[in-house]
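K.L.:
The sequence and its predicted three-dimensional model are supplied below.
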Amino acid sequence: MLADRLKTLAPSSTLAVQAKARELRARGVDVISFGAGEPDFDTPERIKDAAVQAMRRGQTKYTEVGGIPELRAAVCAKLKRDQGLDYTPAEILVSCGAKHTLYNIATALLNPGDEVVVPSPFWVSYPEQARLLDAVPVPVETREASGFDLDPARVRDAITPRTKLIVLNSPNNPTGAVFSRAALETVARLAVEHGLWLVSDECYESLTFDGRHVSIASLGPEVKARTLVVNTCSKAYAMTGWRIGYAAGPRDVIRAMTDVQSQVTSNPSSIAQWAAVEALSGPQDDVAKMAGEFDRRRRLIIAGLNALPGMSCVMPKGAFYAFANVSGLFGRTWTHGQTRTTLKGSLDVTGFLLEAARVAVVPGLDFGSDAHVRLSYATSDALITEGLARMKAAIATVS
Ligand code: PMP
Ligand code: GLU
């Protein structure tokens, strides 16, 4: 019999949609995927070269659990360069992707019954990771009308004596919100007042198109002392498959997380670590170039979505997701073969788009909002245009 914790575990729906699209394609079905969020660009050559050189040098053995000193130094330099944050290598842990980093944090900090405040809509893995550790995710709504900005008043109302941690993600997956400095300042004060930990997931920091990305850790020493800054090479450098993420934070928490990692995975791939040294320390022009492309595609897809009957989408300020409100389609009926389905929620709309338009999107339900679906626009202009045309044609058939 499986462990009790598996009774409530939802597998990652972002990865599930990607797998489904891949499976359909393998069967010859021409499906356009706006599913999993991963850049369609190839990893820049300079980074691949660094990996090849590392292999040639024989750097193919176990490394320090928390990452090679060169990479931890490169992370410190990156955080200073881009966020103005001062860390020492003892305050850095490198893990097998930021998802692993986040789970290390949760394992090191959460006791059963602890509450984790998660602004909603949220990335699918935050609540599930908390639940795996018998902690309790507490979603706190952000409003579409304010571009899904963090709402400090609601965060305050959600804090109880059991609250241990607040998870912030800006730029946000799935909404694309870039949290305002004012909201972050208020939440930082709340965390200090109530003695809470803050996780600042900054995986999309390099993809901030409007506004300015502010790391909450930069708002003062008291805040920094209770913040774990999380980032990854996955998005900025198109390195999703290399699996390098990292955390910066207080030395004792980083040490505890490193101890956890030492018993679970040991070090991340030695070769990927050397590639990451080059990614973070080498010339950064490729990052700006990819970000410029995403910005252009953002405008293309948002304009297209807002022109579709029954759909509307706020302009995301960062990341590469459109979080489209599809509630305008609810109550409409779609006929396929002998079956008539009335669209009632995001799962129905997702099923409808896959069947009728051959377009894969992720249901908003898994991100905490059943009125939305998420589209990743980390794909080509041609596929975005074709996907929008297919959705338009499919929507024209609902009554
Ligand atoms: N945080 C957020 C908000 C994400 O969207 C993702 C997935 N892309 C991650 C963390 C994890 O990224 P990775 O494990 O590839 O570093
Ligand atoms: N984080 C990306 C997404 O939200 C990749 C898939 C995943 O890690 O969940 O689509």
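P.N.:
Arrived safely. Residues are numbered from 1 along each chain as shown. Ligands and ions are numbered 1, 2, ... in the order given.
K.L.:
And the lowest-mean-pLDDT helix or strand in the chain, what does it pack against?
P.N.:
Using mean pLDDT, DSSP states H and E, helix 13-26 stands out as the lowest-scoring helix or strand of the chain, at a mean of 85. Judged by 3 or more C-beta pairs under 8 Å, 6 or more residues apart in numbering; DSSP states H and E, helix 13-26 is in contact with strand 32-33, strand 359-360, strand 362-363. To be clear about C-beta, it is placed using only N, CA and C from the backbone, and glycine gets the same treatment.
K.L.:
Need the contact partners of the first one.
P.N.:
Contacts of strand 32-33 with the rest of the structure, by C-beta atoms under 8 Å, 6 or more residues apart in numbering, involve Val17, Gln18, Ala21, Arg358, Val359, Ala360, Thr379, Leu383, Glu386, Gly387, Arg390.
K.L.:
and of the residues you listed, the nearest to Val214?
P.N.:
Out of those, the one with the shortest distance to Val214 is Thr379. That distance is 28.8 Å, counting by C-beta to C-beta.
K.L.:
what's near enough to touch whatever residue of the stretch 201-350 of the chain ends up closest to ligand 2?
P.N.:
With C-beta to the nearest ligand atom as the measure, Thr240 is the residue of the stretch 201-350 of the chain nearest to ligand 2, at 7.1 Å. Contacts for Thr240 (C-beta under 8 Å, 6+ apart) come out as Glu38, Pro39, Ser234.
K.L.:
And what about it, helix, strand or coil?
P.N.:
Three states are possible here, and by DSSP: H, G, I helix; E, B strand; the rest coil the one that applies to Thr240 is coil.
K.L.:
which residues does Glu128 contact?
P.N.:
By C-beta under 8 Å, 6+ apart, the neighbours of Glu128 are Leu9, Ala10, Ser12.
K.L.:
Ok, Ser346 next?
P.N.:
Listed by C-beta under 8 Å, 6+ apart, the contact partners of Ser346 are Val326, Pro363, Gly364, Leu365, Ser369, Asp370, Ala371, His372, Val373.
K.L.:
Tell me the spacing between it and Gly245.
P.N.:
Distance, Ser346 to Gly245, using C-beta to C-beta, to the nearest Å: 28 Å.
K.L.:
from the contacts of Glu128, which are also near ligand 2?
P.N.:
The subset of the contacts of Glu128 within reach of ligand 2, counting by C-beta under 6 Å from any ligand atom, consists of Ser12.
K.L.:
Quick one, which of the contacts of Glu128 are buried?
P.N.:
With neighbours counted using 16 or more other C-beta atoms under 10 Å, those contain these buried positions: Ser12.
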